[in-house]
Each structure stands twice: as structure tokens, then as C-alpha cells.
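Participant: Make a model of this:
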Amino acid sequence: MPEIDVYIPPKPYSLWSVAALARTVWRGDGDLLSLLPAAAYKMKVGHLGMSRRSTMLFNDPALIREVLMDEGEIFPKSDLMVGALEPLIGQSIFVTDGEKWRRQRAMIDPAFSMMRINLAFSSMQAAVDDYEARLDGLAASGKTFSLDLAMSHLTADIICRTVFSTSLESEVAHDVFEDFTIFERSVAQVEIWRLITEPAWSKVHQPDEVVAACTRIRRHLGQLVDTHLGEGQGKYNDIASAVIAARDSETGRPFTRDELIDQLGVFFLAGHETTASVLTWVFYILSQQPDVLRRIREEVEQVTGGKEVSFEHTKQLSFTRCVFRETLRLYPPITFMPRVALKHTRIGGKRVKRGALVMIAPWTVHRHRDYWRHPHVFDPDRFLPGREKELVSGAYIPFGLGPHTCIGAGFAQAESALIIARLARRFDFTTNDPASVRPAARLTTRPAEQVICHVKRHAG
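Facilitator: A predicted model of the protein is given here:
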């Protein structure tokens, strides 16, 4: 098996808890990764700092399963998360729990079946075709560009084509990226003093700029939904049409227009933003690791025989998929999965107060020294079949766990394998200032500042 040089990609420098808090407040950028003390990567269960409401971090896979499976339905999604996301995606599947969630999930599941992904794959290919042409232009001109925006534009276009059967205009893609950046940086969930001083279930007041950004994003989504309603209904065979056709099994009712904006907004925003986040890190890492890039290129040529990358090919690109999985491990887009305790209880013998934030953090679980050999090292080979015995059950949760597992996981894996294979085959990305890149977590795990790079056509 080929060796990969030991490479530790950007990570926060961990401090003890009070110093970590001081650093985060001083920066003032809402980065929750900087708030994590060094002990967070070592503990199985423990309290995070001192605050008015108890915040407990769970890194033990068995206890994580207990919380996320939530058979007693006492750990719904955190009030902070719900309050932050409601202006953007309303009462959608991403924030609901209980019976409302079960109704929504049952209606939506068929829209993301594997058969639907297979049908959508040609739209993915068309979006990548167009983006390769865009990168050809950037390669010819030598212009620098934002890698973050590039990946966001590409994945937003893919979501637009597969969900709504239309390509995404560049101006709209840029607007959505900018508005989501405003939303993510300013939303009240990431106000550090709120985490420290506010009691559970306090009313969340969003800043005016966040409300305005959400309004603009929802207006764009409403325009896309409207193409499938009225005279447009029944004319399409895409994800939006499947969700519009869905009916509640008990009442026979469809989703209302506002509910469609909520649900399809989750697909559009979570579906493109989370994947864009991972792909930004993938191509940053490939710009620093030429041997990994070489192995991807060799695999793509071996699997495809030099032909177009097909849906079946994406399943056979084992190393390429390992690169994606390892990047997901190191940079899970959903950094934290916060829950809140509805009553006093115990988890694994630990007392949990009513109103406590029960924090499940893929970021710390994926980098925990008890579950991963060299946890901060980028090593995609750890996911190859010959090393499966090294993997600890329940210690890899980028898509969640149990009934709340991400509905778009299969879609994201097929899409990412296609994008990595296609762009790695044809282009070399060079990061302008790699030493300045550092991760930050607000609602998703992104670089703290946009990664500026340039691209060249691969000479091979």
C-alpha cells in the first residue's frame, strides 16, 4: 500500500478553558472551535467551562448513541440552534423533533432514494461540465479566486439543477453565498456571551442584518419553488417535484408553499453549503499534498479508462472516496450537534440538569486520541478495507446517527466523488497563502477567512 507523508492540516491551537474563552472573545468572530479547551479532545464526558446553563460535552460513542437515538424523546434539538435557524428554514426537518419530524421525514424520504440520485446524476455532470469551463477561463487568465466561493457556486448549481431542474445564475449564487456568510457570522447562536449568561429557552433576538439576509435567501428559494407550482406543477421529474407530490399518510395533505420553502431550503442550503465546506478543505489539502493528488488521478484513469466519470464509477473510486471521508473526519461540516435536556436525567451515570446543553461534537469525537491513531494527521488510507479493524464503532458521525442521520448523505457522497475525480483529473490548485489558513466553526466548519488560490490545467 502506498505511503502518504505525515501531514497535519490546519487545526486550532488548544488552550486551557479560561484562556480559550479569552482568545475567542478577543477575536470576536464567533468561532466556537477556538472556545474548545485542550481537555475537550481527551475527555469522554465533561463540562465545558462555567456558564449560567450547564454545557456538557459527550465524546463516548455509546453515550452519543444514547443521546441521538433518544428513545425517551428528552433530548430535542437545542433551543439555541432552533432559534438561530428558524428565520432561515422555518419549521423544517432540520430543526423539528417528535411527531412533526416523523411526518416530515416520511414525506421527504422518497425524494432522496438511491434511484432518485441515479436520475439526478446527469444534472450533476452538466453542472461540473460548466464549472470546468469556468476553471479553464481562470487557468488561462491566471486570475486568483476564492476557493470557498468556487465550491459554493458549484454545489449550489448542482443542487439547483437536481432539485429544481434549472441552472443557477452566477449573480444569484454569489448573493446566496454572501447572505449565508452574513447569516453564519452574525446569527445569535454564536454569540459567546449568550452561551455564558443566558438561561435555557431564552428568547433569541436575531440581529437586523441576519433577518435581512434570511429574507433575501428565502425570496430566491420562493422564486425557485414557484416554477414548480401552478402551471409548472407536473412538468418536472426532480427532487422538488417529488417533495411537492408528497402527501401526509394520515391527512392526505401536501406541504404548503411556506413549508416547501422550509424543506427545500434545507436541501438547497444544507445540501450545498455543507458539501462546499468539505470540498474547500479537500482541494486545499490536495494543493498541499501532491502525492495524494497523484493517487487520485491514477485511480480515476484506472477506473474510467480515460472515459467520462459515471455514477457507477463513483462507487468504484475507493481511494477518492477515502480522501472525502478523511476530510469529513477532520473537518465535519456540522461541527456541533447540540441537544437540550427537557428534564433532569442521567446519561452514563452522569447527572444532567434540565435545560442543560448536551453537546455532541463530531469535531472532537473525530479527533479524540482514544478512537483514532494519530488523530490530527490526514491519512485517507485509514478508511481502506485493509484497515477497517482500526475504526471504532460510533466514533465517525459526520452525517449524524440513528433516525436523524442526514437524509442527503448518499447524494453528498456521489456528488463529492464526481467533483473530486473530475477537477483533480484536469486541474492543479495552488493556495496563495497556505500558512494563514485556519478552521473556524460557527454553524459549519469553514476556513476562518476565504482561501484565495489560482488554478492551472494539469499537463498530464
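
Participant: doesn't residue 439 make contact with residue 448?
Facilitator: Yes - the pair residue 448 / residue 439 is scored as a contact, 6.9 Å apart, by C-beta atoms under 8 Å. Where C-beta positions appear, they are placed from N, C-alpha and C, glycine not excepted.

Participant: could you pull out the strands for the chain?
Facilitator: 45-47, 55-58, 145-146, 337-340, 345-347, 350-352, 357-360, 427-431, 439-441, 445-447, 452-457 (DSSP state E).

Participant: Could you pull up the mean pLDDT of the shortest one?
Facilitator: Strand 145-146 shows a mean pLDDT of 96 in the predicted model.

Participant: Over to the second one?
Facilitator: Strand 55-58 shows a mean pLDDT of 90.

Participant: tell me how far that strand is from the chain's mean position?
Facilitator: Centroid separation between strand 55-58 and its chain, computed with C-alpha atoms, centre = their mean, to the nearest Å, is 21 Å.

Participant: Okay, buried residues for it please.
Facilitator: 55, 56, 57, 58 (16 or more other C-beta atoms under 10 Å).

Participant: returning to what we had before: out of the strands of the chain, which comes closest to residue 377?
Facilitator: Among the strands of the chain, the nearest to residue 377 by C-beta to C-beta is strand 439-441 (15.4 Å).

Participant: tell me what the closest one is packed against?
Facilitator: On a contact count with 3 or more C-beta pairs under 8 Å, 6 or more residues apart in numbering; DSSP states H and E, strand 439-441 meets strand 445-447.

Participant: Partner strands of the strand it packs on, with direction?
Facilitator: When sheet partners are counted by DSSP bridges, strand 445-447 sits next to strand 439-441 (antiparallel).

Participant: Can you pull the poorly scored residue ranges out of the stretch 201-350 of the chain?
Facilitator: Low-confidence segments of the stretch 201-350 of the chain (pLDDT under 70): 201.

Participant: need the contact list for residue 358.
Facilitator: Counting by C-beta atoms under 8 Å, 6 or more residues apart in numbering, residue 358 makes contact with 56, 58, 67, 75, 338, 339, 340, 341, 347, 352.

Participant: Who is it paired with across the strands?
Facilitator: Beta-bridge pairing for residue 358 (DSSP bridges): residue 56, residue 339.

Participant: Quick check: the gap between it and residue 34.
Facilitator: Distance from residue 358 to residue 34, counting by C-beta to C-beta, to the nearest Å: 21 Å.

Participant: what's the most centrally placed residue in the chain in contact with, if anything?
Facilitator: Centroid-nearest residue in the chain, with C-alpha atoms, centre = their mean: residue 274, separated by 2.7 Å. Listed by C-beta under 8 Å, 6+ apart, the contact partners of residue 274 are 333, 334, 412, 444.

Participant: Looking at those, which are in helices?
Facilitator: Those of the contacts of residue 274 mapping onto helices are residue 412, per DSSP state H.

Participant: Columns neighbour count and distance to residue 281 on top of the contacts of residue 274, output as TSV?
Facilitator: Formatted as TSV, the contacts of residue 274 follow (neighbours: other C-beta atoms under 10 Å; distance: C-beta to C-beta, whole Å):
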residue	neighbour count	distance to residue 281
333	24	9
334	22	14
412	24	14
444	19	11
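
Participant: show me what contacts the closest residue to residue 76 other than its chain neighbours?
Facilitator: Excluding its sequence neighbours, the residue lying closest to residue 76 (C-beta to C-beta, 6 or more residues apart in numbering) is residue 97, at 4.1 Å. The neighbourhood of residue 97, defined by C-beta under 8 Å, 6+ apart, consists of 73, 76, 77.
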